[in-house]
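J.: okay, predicted coordinates and the sequence, questions at the end:
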Amino acid sequence: MTTQSRDAQSAHQESTPGANAESLADDRSRPPERPALRARLDWRDYAIYIGFAVVFCLFAIFLRDDGFLNTNNLLNIARQTAIIVVMAVAGTFVIASAQIDLSIGAVAGLSSVVVAMTIASTGSAAIGILAGLGVGAAVGIVNGTLVALLRIPSFLVTLAMLGIAGGIAQWMSNFQPVPILDTTFTNAFGSGEIGPAPTLLVWAALAVGVGVVVLNKTRYGRQVLATGGNAVAAQFSGVRTRRITFYVLLVSAVVASIAGMLYAGRLQTGRYQWGTGDELSVIAAVVLGGTSLFGGNGRVVGSAVGAVFIGLINNGLILAGTDVSQQIIIQGVIIIIAVALAKKK
Amino acid sequence: MTTQSRDAQSAHQESTPGANAESLADDRSRPPERPALRARLDWRDYAIYIGFAVVFCLFAIFLRDDGFLNTNNLLNIARQTAIIVVMAVAGTFVIASAQIDLSIGAVAGLSSVVVAMTIASTGSAAIGILAGLGVGAAVGIVNGTLVALLRIPSFLVTLAMLGIAGGIAQWMSNFQPVPILDTTFTNAFGSGEIGPAPTLLVWAALAVGVGVVVLNKTRYGRQVLATGGNAVAAQFSGVRTRRITFYVLLVSAVVASIAGMLYAGRLQTGRYQWGTGDELSVIAAVVLGGTSLFGGNGRVVGSAVGAVFIGLINNGLILAGTDVSQQIIIQGVIIIIAVALAKKK
Amino acid sequence: LVACSSADSSTGASKNCDTKPYDDAIAAYSSGAVLGKGPYGETSADAGTIELTAEEVEQIRQMKATAAVVMHFSGDSWSNAQVAAINKEFDKLGVRIVAKTDAQADPAKQFSDIETALAAKPDVMVSIPSLDTTALAPAYRKAVEQGVKLVFMENPAKDFKAGSDYVSVVATDNYGAGVLGAHQMARALCGEGEVGVVYHAAEAPTNVLRQKGFEETIASDYPDMKVVESKGFLGPDWKGEGSQTVNAWLTKHPDLGGVWCFFDAPCEGAIDAARSSGRNDLAVTTVDLGNNVALDMAQDGFVKGIAAAQPYQQGLTEATLAGYALLGKEAPPFVELPSVPVARDDVAESWTKIYDVEPPSELTDALGQ
Amino acid sequence: MTGVRKAFGKFEVLRGVDLEVKRGEVHALLGGNGAGKSTLMKILQGVHTHDAGRVEVDGQAVEFTSPHDAKAAGIGMVFQEFSLIPSLSVARNIFLGREPRRFGLTDDATMIRKSTEILDRMGADIEPRTVLSDLPVGYWQLTEIAKALSLDARILIMDEPTASLPYHEVEQLFSLIDRLRDQDISVIYISHRMAEIERVADSLTVIRDGRTVLTGPVAEVPSAKVVESIVGSEILHGLKRGEPKFASTRSSAPVLSIRGLTSGHRVQEVSFDVAAGEVLGLAGLIGSGRTEIANCLFGIERMDAGQVFLDGRSLRIRGPQDAIDAGIVLVPEDRAQQGLVLGHTVRTNLLLPSLGKLGRGPLIDDGRGSKLCAGLMSRLDIRASALNETVGRLSGGNQQKVVISKWLGLQHVGQAPRVLILDEPTKGVDIATKTEIMQLVLDIADTGAAIIVISSELEELLSVADRVLVLRAGRIHEELDRSDIADEEALQLAVQGVN
Ligand SMILES: Nc1ncnc2c1ncn2[C@@H]1O[C@H](COP(=O)(O)OP(=O)(O)OP(=O)(O)O)[C@@H](O)[C@H]1O
Ligand SMILES: Nc1ncnc2c1ncn2[C@@H]1O[C@H](COP(=O)(O)OP(=O)(O)OP(=O)(O)O)[C@@H](O)[C@H]1O
Ligand SMILES: [Mg+2]
Ligand SMILES: [Mg+2]
């Protein structure tokens, strides 16, 4: 805990000197005697939505002839980003509590392998799902214990766990893909449709819905924000901050294991590679969505939009015929611009 | 500023309970009149050295027959880790100032490509080196400006820069390796020997020497530590914290570009892939070496030993004939154990 | 001290022997038919027979057709040459490329890439499913359902049928590449000594065939040679893994005579390891004519033989077969191009033949031409 | 609480403290910095656990292991360091962890209604939906108190609740405490301000060196005795000021002149002079702009208009480094955050501003640094076990001395400060140290520096200042010569604007 709030400290510090001068200016405009409800309709709070709308329109105009606006293509974007959206919801909690989880991608890969192997050997989708959730729970308990109890910074714990979970997935599967033939499973996770909507979308919507309610409307959510905002103060206020940190990491890993099943369902295979690099996409999505990297606030819907935004750019750039190297460059530039714009002065 | 100060204050308190207790005890046990060399002999401060010695001995015993102790193998370890050591020295400053630089690997790759292409087209190693340093300076200026002036968290800036620099390297080289035939260059950077010592070792030793002196013995070094310890207080003490942050990131990128030249010299090729993933090795080395991930302290020698430690484990595991997957797992476990042990209660 | 002396004491290979038997074995491969069989046991059609007449080309140009090129990764000479050839041939056929993707070795990304490419409504898709034939199959299935004609590189997606699901598969003789590597290694080591094998840890058909070709040939043809170490790599830091692993091998096996790699990047690491360990006599043979291995060979370095795939030719064939599909012309289900043995004497020529461009100036300089 | 002991490692903070608080009384807990007051209260709060002794509530022995337990037992606390989350709204802070719920979900409407009630009861004009970080520190203190009140606690602990409260709110707090007493709620009140104790407390306990040294009803213990037991055997001297060497200060050329200083809305057209050897006091209400003036002079905040002259020369200050180079230094308001790098040693902190001058070539001369530090420590009587002591472990008063000393260090490297600005220099500092610090300020003035002291403790201001500027809403409202101010009351009225 020590370290995390230290982190927050330096983060704030970093933003102090200049930032101050200006935010003071804001305050000066109203009489200091009546600190009323602050004008919260700052457009910067909506940067991601505005950015999304602008980029969408640009693509709609310039990529008209390349099929960008096809329902199918839009569904593609949704499908391709749905798994990141699911992880980004849990990631919002992690980042809001001033932690970081770099192991989610590897956990997703491991979970996909375990699910596939379990289904292959038992023939039962249900047992497979349980095994997958078990992977998430086990990793989550280890991460949570090391961070919350032993107070090792989550950056290091989850970085090490990224290697460990990834290594186990490779070793269990001997680097080979493990096919999943159970269609009940693949339909429920990622391949099927419910009415007109791909199941992936249903999962993403569910995750966002649950995330929004839990973060904003439950005690747990408030305590997560308090822990991230100032862990000591939260502790003094009776929040069991260690427990909160533990749960946040546990849930993150369990959600990652579900994401692994979504990959497994969508690609009808368990493979150690599923999820590789998703930790960075998730962090980018969450931060683009307006959650501070240093904890204390969290925006579930913003994170989801952030994830879709990244997917949108990817899709548009491919349709525009750019090279992969150009895509990487443009994505980097867009992320910097978006964060710079969203940054409160 | 209001918020920041509260944070820091409480952050500090939080760090008080355990850490304090023990060292207070130390202090009281001897007469306060003799503020001699403080009882610094806490074994935890030496965790990395102890860990190194233990692992080395284990390997020396168990891998005796696999040639672990051959001079050649030991030189291999040194050579393989020398480039990481160079970057870890700059990384110590970055982390000590409470920033992070994730772009170093990509900058090394870009620099190697630019150097190789410049040498190929101009035929001059000197112009090539200048071009390489130019890459580092350019990236460093962008990173530094965005972080120090626009106050975007360095995690995001350098994450985006990782993509941008990597993308540019791929795009410039069209994914192809660019051979370097200039032997002056390759000998100076990484391939040659000075007397019995490989040039790579000379570079690493130079980096460590300069790093130790600058961090501990110059105004700049102390100001870096103060900025990382408490940027606001540092500013109130007349430290130009923004400038310090800027320089730290600038130097980190320039050193990364030198690392890129070392890769290019050693492998006699410029290639976008050189340096991939080094950011994580560097962070791991620096933290293993005893620098806090949250700034305010820094140990250059520790970082170097940390880097060699990781290389040592790698080497031993390969000699022991383990799989890639097992190596990853064991490395993860060792990092967690090392950090947990080094962690002050 | 022990290690220092090992460089001179254990040379592993005596370079001065009669190379005729090995040269003959290599020549025998080149003159014979390709060794590999298609995915369903088909024998290969001769690539030279895949041609379009001038009328057919004109007919295709009238169609104003579109195409998608979906790659597994880029960044090696193999994929670059493929894409260059496909571009060139499509250009000739007036086929517009509407999507060109690179999955960066991640099958999940390639899955998305296929979906995205389909949104651009191409008429044909040229793609390589070898990252994961199973996982990618549902994505390719969508292409089939959308009526997109598929031309595969290397192997088809799982359970796909030639004719109904895809047009054709154009492959390299991967097994043959391994066989050539073994003969080249034997030639460098005079048929005796210890060798190490670097293979791809993921068992895609391409990778497995190469390794099998090498190991089976060593076992059957060269009783005095022995594979003492073999290790699977995963990338993406091929060179780093290669360097560290070969370093360890050289430490453990002072007599190691040679290293064979399943493609060129890890062998660049092997060269680095040999160079820094002062083992100037280590012989390296590999698949794929990459820049660096070619240059090393030209400099009389470590690389003693290369079994080159013919990516450029392969790309042309794929694009032409896509033209077949557009016309509805009957296409052979499987075309395989032989691997080309490359040695120092013919490296420049081979370069021109394989990539259809002049060899880079460094290469000719190093050859002293 | 009887015979309570607590050690951190081998260091015994409490060695047998007795404290008895009756139902419905206001009990003052007194003691110097580091006496262990906060530690004792943290034990009662479950933040720390005691090593020995007994803690009883209503005759029941208890041992709390977390603030959660203490809350459940009806003990609330206003912490010395805030227990607030800057990124949450006032209402959310007040109800953190105890949010009213409906159907399992938090009920924000009820929460805001109840918060408004509590704030109104306190007479605090805060909109409960405001995010805390948008409010000045004074309002944080009010929020902190509201939070404790919302507990409906039976025992309420207040650890220096008035440290950053303006006069008006202090009065309101006192009447609130009176009301609590009427409701049979016990209050433990910690403060360094003697006047407040007499105003609000029924009985008191003094602890020193970890032991209870005095206890009894306020009415029966003479205040001299209280001060004596806080300070120990030493007798407290009044401030000594040598015959002003710079008597005709105002007639001579001023060291520092400010003309038309304007910064946003918080500082408007401020002009004043300070002469050599003069101590100028700045008085004003919360947010009246005193800190901003100091920050502008030190280059922390941007000046929108106005000029600064030092020794007659116009100065352009773009940042603290410019100010320091010119000889203007600031002891900031918030020592933990702005004054010190808490995790670093005393030595590192002391040397930070002088690093540039300690050079031997490009390298720092550590020998010289150590000598400098040792000199400073003895000169200001900084009590730390070693130069290598982490500064965060010192008591508040000693920390404050480190902040002041770091500027005096410049003097030894040939760069004596010309203007010393002190912003709330004795906040949270005990009586003895307060006197020491103020004496130090006077001594520095006697060397010919110009001094500006900002303090909300008017008594303190009156004891050192030659002249007091009263600020209101960012403007100079009144300039008072020390001799024109009858007593603290008069100055208070001026500050409040009732005249
Ligand atoms: N967690 C801790 N670990 C070690 N020492 C501590 C800890 N907390 C407090 N101390 C030490 O215990 C002593 C008493 O501190 P405490 O905060 O109780 O004093 P206080 O009476 O509240 O002082 P002040 O008036 O300055 O608030 C101090 O010397 C302090 O340094
Ligand atoms: N709205 C605000 N946002 C950020 N910082 C603020 C805000 N209001 C005040 N501050 C800062 O908080 C500190 C304390 O402010 P506060 O309003 O309590 O002033 P004060 O110090 O009591 O009075 P004065 O301004 O007269 O010195 C100052 O450093 C001030 O700059
Ligand atoms: Mg206290
Ligand atoms: Mg103030």
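T.: Alright, I've got the coordinates. Ligands and ions are numbered 1, 2, ... in the order given.

J.: nearest residue to the spatially most central residue of chain D other than its sequence neighbours?
T.: Nearest to the geometric centre of chain D sits residue D:427, at 2.1 Å (Cα atoms, centre = their mean). Using Cβ to Cβ, 6 or more residues apart in numbering or on different chains and skipping residues adjacent in sequence, the residue nearest residue D:427 is residue D:163, 5.8 Å away. Every residue, glycine included, has its C-beta placed from N, CA and C.

J.: surely that neighbour is within a strand?
T.: No. With DSSP: H, G, I helix; E, B strand; the rest coil as the criterion, residue D:163 is assigned coil and is not in a strand.

J.: check which helix or strand covers whatever residue of the stretch 1-150 of chain D ends up closest to chain C.
T.: When distances are taken as Cβ to the nearest Cβ, the stretch 1-150 of chain D reaches nearest to chain C at residue D:87, 35.7 Å away. For residue D:87, there is no enclosing helix or strand under DSSP states H and E.

J.: same question for residue D:43.
T.: Secondary structure assigned from DSSP H and E places residue D:43 in helix D:37-44.

J.: touching chain B at all, that helix?
T.: No. Counting by Cβ under 8 Å from any Cβ of the partner chain, no contacts exist between helix D:37-44 and chain B, the nearest distance being 9.9 Å.

J.: chain center to that helix, what's the gap?
T.: 19 Å (Cα atoms, centre = their mean, to the nearest Å).

J.: pretty sure residue D:268 is in a helix, no?
T.: No. Remark: residue D:268 does not belong to a helix; assigned using three-state DSSP, it is strand.

J.: what's the neighbour count on the nearest residue to residue C:238 once chain neighbours are set aside?
T.: Nearest in space to residue C:238, with sequence neighbours left out and distances taken as Cβ to Cβ, 6+ apart, is residue C:265 at 3.7 Å. Counted with other Cβ atoms under 10 Å in any protein chain shown, the burial measure for residue C:265 works out to 28 neighbours.

J.: rewinding a little: then the helix holding residue D:43 to PDB, C-alphas only?
T.: What follows is helix D:37-44, C-alpha atoms only, in PDB (Å, rounded to 0.1, in the frame of the first residue of the first chain):
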ATOM      1  CA  LYS D  37      -0.900  12.400  21.600                       C
ATOM      2  CA  SER D  38      -1.700  11.300  18.100                       C
ATOM      3  CA  THR D  39      -0.300   7.800  18.800                       C
ATOM      4  CA  LEU D  40      -2.600   7.400  21.800                       C
ATOM      5  CA  MET D  41      -5.600   8.400  19.800                       C
ATOM      6  CA  LYS D  42      -4.600   6.100  17.000                       C
ATOM      7  CA  ILE D  43      -4.700   3.300  19.500                       C
ATOM      8  CA  LEU D  44      -8.200   4.300  20.500                       C
END
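
J.: which residues touch the residue of the stretch 201-350 of chain C found nearest chain A?
T.: The shortest separation between the stretch 201-350 of chain C and chain A is 4.3 Å, found at residue C:201 (distances taken as Cβ to the nearest Cβ). Residues counted as contacts of residue C:201 (Cβ atoms under 8 Å, 6 or more residues apart in numbering or on different chains) are A:170, A:175, B:324, C:232-234.

J.: now intersect those residues with the strands, please.
T.: Counting by DSSP state E, the members of these that fall within strands are C:232-233.

J.: can you tell me the closest non-neighbouring residue to residue A:210?
T.: Nearest in space to residue A:210, with sequence neighbours left out and distances taken as Cβ to Cβ, 6+ apart, is residue A:89 at 7.5 Å.
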